[in-house]
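[1] sequence first, then the predicted structure, then my questions.
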Protein chains: 6
Amino acid sequence: MNNREIRILVVNPNTTASMTEKIRASAESVRGAGTRIAAVNPSEGPPSIEGHFDEAMCLPGLLREVQAGEAAGYDGFVVACFDDTGIGACREIATGPVVGICEAAMHAASMISTSFSVVTTLPRSVPIIERLAVEYGMERRLRRVRAADIPVLALEEEGGGARERVRDEVALAIEQDGCEAVILGCAGMADLTAWLSEETGVPVIDGVVAGVKMIEALVGAGFKTSKIGAYAAPIPK
Amino acid sequence: MNNREIRILVVNPNTTASMTEKIRASAESVRGAGTRIAAVNPSEGPPSIEGHFDEAMCLPGLLREVQAGEAAGYDGFVVACFDDTGIGACREIATGPVVGICEAAMHAASMISTSFSVVTTLPRSVPIIERLAVEYGMERRLRRVRAADIPVLALEEEGGGARERVRDEVALAIEQDGCEAVILGCAGMADLTAWLSEETGVPVIDGVVAGVKMIEALVGAGFKTSKIGAYAAPIPK
Amino acid sequence: MNNREIRILVVNPNTTASMTEKIRASAESVRGAGTRIAAVNPSEGPPSIEGHFDEAMCLPGLLREVQAGEAAGYDGFVVACFDDTGIGACREIATGPVVGICEAAMHAASMISTSFSVVTTLPRSVPIIERLAVEYGMERRLRRVRAADIPVLALEEEGGGARERVRDEVALAIEQDGCEAVILGCAGMADLTAWLSEETGVPVIDGVVAGVKMIEALVGAGFKTSKIGAYAAPIPK
Amino acid sequence: MNNREIRILVVNPNTTASMTEKIRASAESVRGAGTRIAAVNPSEGPPSIEGHFDEAMCLPGLLREVQAGEAAGYDGFVVACFDDTGIGACREIATGPVVGICEAAMHAASMISTSFSVVTTLPRSVPIIERLAVEYGMERRLRRVRAADIPVLALEEEGGGARERVRDEVALAIEQDGCEAVILGCAGMADLTAWLSEETGVPVIDGVVAGVKMIEALVGAGFKTSKIGAYAAPIPK
Amino acid sequence: MNNREIRILVVNPNTTASMTEKIRASAESVRGAGTRIAAVNPSEGPPSIEGHFDEAMCLPGLLREVQAGEAAGYDGFVVACFDDTGIGACREIATGPVVGICEAAMHAASMISTSFSVVTTLPRSVPIIERLAVEYGMERRLRRVRAADIPVLALEEEGGGARERVRDEVALAIEQDGCEAVILGCAGMADLTAWLSEETGVPVIDGVVAGVKMIEALVGAGFKTSKIGAYAAPIPK
Amino acid sequence: MNNREIRILVVNPNTTASMTEKIRASAESVRGAGTRIAAVNPSEGPPSIEGHFDEAMCLPGLLREVQAGEAAGYDGFVVACFDDTGIGACREIATGPVVGICEAAMHAASMISTSFSVVTTLPRSVPIIERLAVEYGMERRLRRVRAADIPVLALEEEGGGARERVRDEVALAIEQDGCEAVILGCAGMADLTAWLSEETGVPVIDGVVAGVKMIEALVGAGFKTSKIGAYAAPIPK
């Protein structure tokens, strides 16, 4: 048995603390008995990540958090933005494994279904997620990426109808796409999973949950980021 | 925190009890604190799985073990043969998730490296594993499948040189393939991982270890096999 | 001229004799002058193949029939289930060529059209056929797999409306999918081909017919299953 | 039983009559009992097809032969150039099926092996054949296209060493490529197949043989070229 | 600075002079200051290219024009038919670069959008363009090929409603396909681009424009057609 | 004729001014008569880009330069780092087109050859460039990415042997890869192109040259970055 405590750092790369808290709660709710979770966000950068520019602008803050986590000896890292921004750079910094929540969710979905759809927030994120699916080898599993057409931070507000929009799009995915599972394509949707799984009877997968469990699995298996190629430590300048 | 005990059934689909024992030990060594592992093998069927015919002939036994495990309430299942034979059928039977060890190893490798090679036993298994890589979307990650050219059961014998053959092929993979990780492509190689990782400094991934941790992750996340499509329960005849 | 008589064994891997008879009639109707056809089914196993579990459970019976056929000197084998279950294992046993009816139909369709759709029985078979299309390199030719949503054995009953459901789905494929040919995705549909081709004016391809003619072609060309790799004879245990 | 006589026209698209004769002999040697073969070549155009320009320049002659064959009521057509030049145009003209010899050989190879290499004449043809493999969905089956580096017409001369060059390259393919079958990538190699199959013990596939048997299969199955899409009859000008 | 004058030959491979004139005007309107454009068409061959047969029949005329252009010292060539017929053969003849207008348009579209649809004339051209997209590596960028269902030469007539059909299909592409750009899939549509771009606010790409600018770019960069492989000069016969 | 002056901003995303100067000279040498080139680099960030971390850390500086360029009314932008870092973010900012030099070089290579290899500096960049090839649809064209195994800034020093290492690797690519063109995979190699093209007789493509000419082409064609999807302007925060 692997009795060693596992310490995981979940980094929300945007600066919205309420979202970090939701992510932390979600991560906490599924962590294993021997796992300790910390969830952080950068103090500077975009408050939400909606497109390539935001993806780029959050990187200095994200990388600083991962560097700090590496110095503090964390065993593994989850980047809690569904665009999986900066994963390669994080892997260069980290000794332990790093996963993005889109990546984790797609791998998990591929082991419990033959196909899945993704429901995200904004239409502009659709091609970004489609490209990630190609990168992860999931293009034949991905039926469709759907946008609920809501801003990311709308998910932080009660009563604005954002959750209902997500639910409706999940229902459409099940009805129209021929998919066998649905992935929620935004870290801010982490608290909707249980509700939606129950309501639909179909596996609804949250990336934060998938990410935390994947990192626990990789760390618990003793797997570390390979350092002989693309993810070698950054060359000091 | 998810405090519930997880019960995992690892099924070696061949009938060689010594291999089952090695698999059990490997699984046991990495299980989480709250996980209980059982490892079984069918009493009838081929003693080793070397090609499509053996894959087919082990299925009745494999499925009987999974059915028994499902009846006994196991939370998840690992099929411990690198050909991932019968995974779809097992998923129809099981409520919880099912993973094959090739599948688990490839997903894990893809999160800690950009490319990997596989070292298996027999040349006849090379195209089988290449086809699995396509099925899992890993064809762009897979650099090469290499065969050490040893019978599966040679791995059960001390002193016959089989392990050295595996080690030599792993070394060649690192030297010649431009890969960043190596997967051991046979459940019978489970005890070689630590040795080879240490000797090479490169992540060497055993499928049984990867499979157990992936199942722990999926079960711990609350993900179950989707029942609305390809993996719906078998239609009673 | 190749004057040698060709003896082909068509194996229906389920145990429903009426379906075997329909398959035999269909095969018989297209065989060449110098070909002799036998059609058999196992005595034990599932009466219909509807999903992965049934696919697995029919294998011992299927392989026994192919082994008997090989011993009896058959020149080639057709596996008459659209899931193409067990083809690799059959190829290990057989000296002559072996084809599955999905495989044969897709290859044939690709030589008379630029794209095709498949109409099968149950929705659960859709992802199975999509995966076969990838394996055969036909994913860019396959427009869509459609399910008529009828149990396999409903095709054996007159007057239950099953044939009309198939016809309607074929019509939809032609109207909506932009396909140039339609493949009937179940051996039990073998008797509908002529009717549907005539009614639609579009090539409607039955897998049994395609399989018999492909085997005749391969045998007549003198091509045998390669024995230097994946399809080498099973290793005696 | 399908008792109707089948009439097949094999068109060598270059003007070298000795090659046409070799092709005719090869086709004749494998035709079924009820098949009649005619082999023709255009009277004008390039004497050999070595690259895209020759491919283009042979088309008027090739199409004239197919038009004449269609008028004469041939049931099916084989285009006997391994570049499969003009197949789409021939399909627009023909009522019955049309196959190219590269296409036929690759489909056949994929049913008796999991992978194959091709041995052709000139290096300049290598990328042409690689592109055809993609078009036919065979890119994952194709291990390598090798060039024996001999002009096409050298195959027509005894004693120049061309055949030995082909044999040597076939041997290298088997040794180095991990392939399970070898396709001869030039119609002018049709007479080498038996010799090479025997010498190597590996299936060696000639495109003319494969093409004739595939056309027999398609015609015998009653399959015609689809006329509702890409292969509709040319629009009169 | 590259001050050398660039001379480009645009070849319309059909014989319709009014279309050549429209193409010439379109090319002329975007040429750089140092570029001289000539636009020609063969005197013999099909008046429009609608399918594979027409593609084949225009080749002798097309190649004669390119040969003449090469002799006259043109620096680069544009083949102004959206089927990109004969490009490989033209590249064997030409020293400078050669582009097809489909190819040029797809490359351009991929640099200003993440996905595009194509609007062409006839349904029979849809699979031809889909196959080109695969050849150019654009299959993941191409959302859909749509046919306005009008003959090519209808675009030459004022008042017949052909342009409105194109505009309607462009509008549907934007509404339904989730594409970010639209390519006009026929050289005869060259005069509609400005109108459609303005009306829709979406990049509408004409192949002739894209082709001329791509050839200017390649010539201006000093890039010539590679002569060490597939595009080596034709072997004299 | 398009007489309007074109103003292009070439951004070297690292801070090494000598490399920016080399890039500027290279761009200047191929610009069209009506084009004005400016070349800049950020004042802060990594002095060279060697891996994902450097890619990420240069983004704030790169984006600031593009924002300034957009404000100054530049018509198009070239990002002069072969990793094509931040292209998507730049496209959100820019009205005109933006190209990366890897992207531009691969598109150009695909129009003058059927396949190419890339010679880059460091082994760690190999998987990054392989992934870009997939993203651009060039995976079937790319024969191999080779690393000369020299630090980026070694190219800035005379006499250190770096250029000879590049030349040797280019020679190996031509000899061993079966490629028809070679792309130099680092902006710092821009001054080697003419020398290498001459020495080898094979098209040697520099990304800066390709990028400048592609941007001239896109701007000259009137094509702008699509703003209805992934590249819509960043949402103000």
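    In hand now; what should we look at?
[2] could you list the low-pLDDT ranges of chain A?
    For chain A, residues meeting the criterion pLDDT under 70 lie at A:1-2.
[3] so where does A:Arg144 fall, helix or strand?
    strand A:142-147 (DSSP states H and E).
[4] residues contacting the residue nearest the centre of chain A?
    For chain A, the residue nearest the mean C-alpha position is A:Ile101 (2.0 Å; CA atoms, centre = their mean). A:Ile101 is in contact with A:Val78, A:Val79, A:Ala80, A:Cys81, A:Phe82, A:Asp84, A:Ala187, A:Gly207, A:Val208, A:Ala210, A:Gly211, counting by CB atoms under 8 Å, 6 or more residues apart in numbering or on different chains. Every residue, glycine included, has its C-beta placed from N, CA and C.
[5] please flag which of these sit within helices.
    A:Gly207, A:Val208, A:Ala210, A:Gly211 (DSSP state H).
[6] of those, list those near chain B.
    Among those, the ones lying near chain B by CB under 8 Å from any CB of the partner chain are A:Ala210.
[7] which residues touch the residue of chain A found nearest chain C?
    Chain A approaches chain C most closely through A:Thr114 (4.0 Å), counting by CB to the nearest CB. A:Thr114 sits next to A:Arg141, A:Glu180, B:Gly229, B:Ala230, B:Tyr231, C:Pro127, C:Arg131 when contact means CB under 8 Å, 6+ apart.
[8] neighbours of the second one, how many?
    Think A:Glu180. 26 (other CB atoms under 10 Å in any protein chain shown).
[9] where does it fall, phi/psi-wise?
    When read as degrees, to the nearest 10, the backbone of A:Glu180 gives phi -110, psi -10.
[10] distance of it from E:Gly76?
    51 Å (CB to CB, to the nearest Å).
[11] same check, this time on A:Asp84
    A:Asp84 is 41 Å from E:Gly76, by CB to CB.
[12] between these two, which has more neighbouring residues?
    A direct count of neighbours by other CB under 10 Å for A:Asp84 and E:Gly76 places E:Gly76 higher, at 29 against 26.
[13] list the contacts of that one.
    E:Ile6, E:Ile8, E:Leu9, E:Ala94, E:Gly96, E:Pro97, E:Val98, E:Val99, E:Ile215, E:Glu216, E:Leu218, E:Val219.
[14] now do 10 Å
    Going by CB atoms under 10 Å, 6 or more residues apart in numbering or on different chains, E:Gly76 touches E:6-10, E:35, E:69, E:94-99, E:211-212, E:214-220, E:223-225.
[15] list buried residues within the residues you listed.
    Buried residues within the contacts of E:Gly76, counting neighbours by 16 or more other CB atoms under 10 Å in any protein chain shown: E:6-10, E:35, E:69, E:94, E:96-99, E:211-212, E:214-220, E:223-225.
[16] now, the residues you listed that are in strands?
    Taking DSSP state E as the definition of strands, the buried ones among the contacts of E:Gly76 contribute E:Ile6, E:Arg7, E:Ile8, E:Leu9, E:Val10, E:Thr35, E:Val98, E:Val99.
[17] would you list every one of the helices in chain A?
    With DSSP H as the criterion, chain A has helices at A:17-30, A:52-57, A:59-71, A:87-93, A:101-112, A:126-135, A:162-176, A:193-200, A:207-220.
[18] quick check: which of these is buried the most?
    helix A:207-220 (a mean of 30; mean count of other CB atoms under 10 Å in any protein chain shown).
[19] chain center to that one: distance?
    10 Å (CA atoms, centre = their mean, to the nearest Å).
[20] can you list the domains in chain A?
    Here the domain assignment for chain A is A:6-100+A:210-220, A:102-206, based on automatic domain parsing.
[21] just the endpoints, please. Distance across the shortest one?
    Criterion CA to CA, to the nearest Å; first-to-last residue distance in domain A:102-206 is 9 Å.
[22] I'd like the distance from it to the chain centre, please.
    The chain centroid and the centroid of domain A:102-206 are separated by 12 Å, computed with CA atoms, centre = their mean.
[23] ok, now the first one?
    Distance of domain A:6-100+A:210-220 from its chain centroid, counting by CA atoms, centre = their mean, is 8 Å.
[24] taking the contacts of A:Ile101, tell me the two that lie furthest apart.
    Farthest pair in the contacts of A:Ile101 (CB to CB) is A:Cys81 and A:Ala210. Separation: 13.6 Å.
[25] wait, doesn't A:Ile150 sit right on A:Leu122?
    Yes - if you go by CB atoms under 10 Å, A:Ile150 and A:Leu122 touch, sitting 7.4 Å apart.
[26] anything in contact with each of those two?
    Shared contacts of A:Ile150 and A:Leu122 (CB under 10 Å, 6+ apart): A:Cys186.
[27] find the closest residue to chain D in chain A.
    A:Arg140 (13.0 Å).
[28] isn't that residue right up against C:Arg131?
    Yes - counting by CB under 10 Å, C:Arg131 is a contact partner of A:Arg140 at 8.6 Å.
[29] circling back: which of the ones in strands among the buried ones among the contacts of E:Gly76 sit farthest apart?
    E:Thr35 and E:Val98 (16.0 Å).
[30] still on that earlier bit, what's the spacing between the residue of chain A closest to chain C and chain F?
    Between A:Thr114 and chain F the distance is 23 Å, computed by CB to the nearest CB, to the nearest Å.
[31] if we can go back for a sec, now the strand holding A:Arg144 against helix A:101-112, angle please.
    If you take axes from the mean of the first three to the mean of the last three CA atoms, to 10 degrees, strand A:142-147 sits at 140 degrees to helix A:101-112.
[32] strand A:142-147: partners in the sheet, and parallel or antiparallel?
    Each strand paired with strand A:142-147, and its direction, by DSSP bridges: strand A:116-120 (parallel).
[33] for the strand it pairs with, output the C-alpha coordinates as PDB.
    What follows is strand A:116-120 as a C-alpha-only set of coordinates in PDB (Å, rounded to 0.1, in the frame of the first residue of the first chain):
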ATOM      1  CA  PHE A 116     -18.800  12.500 -25.300                       C
ATOM      2  CA  SER A 117     -19.900  16.100 -25.900                       C
ATOM      3  CA  VAL A 118     -18.600  19.200 -24.100                       C
ATOM      4  CA  VAL A 119     -20.700  22.000 -22.800                       C
ATOM      5  CA  THR A 120     -18.700  25.200 -22.400                       C
END
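[34] is it true that A:Arg144 touches A:Ala173?
    Yes - counting by CB under 10 Å, A:Ala173 is a contact partner of A:Arg144 at 6.9 Å.
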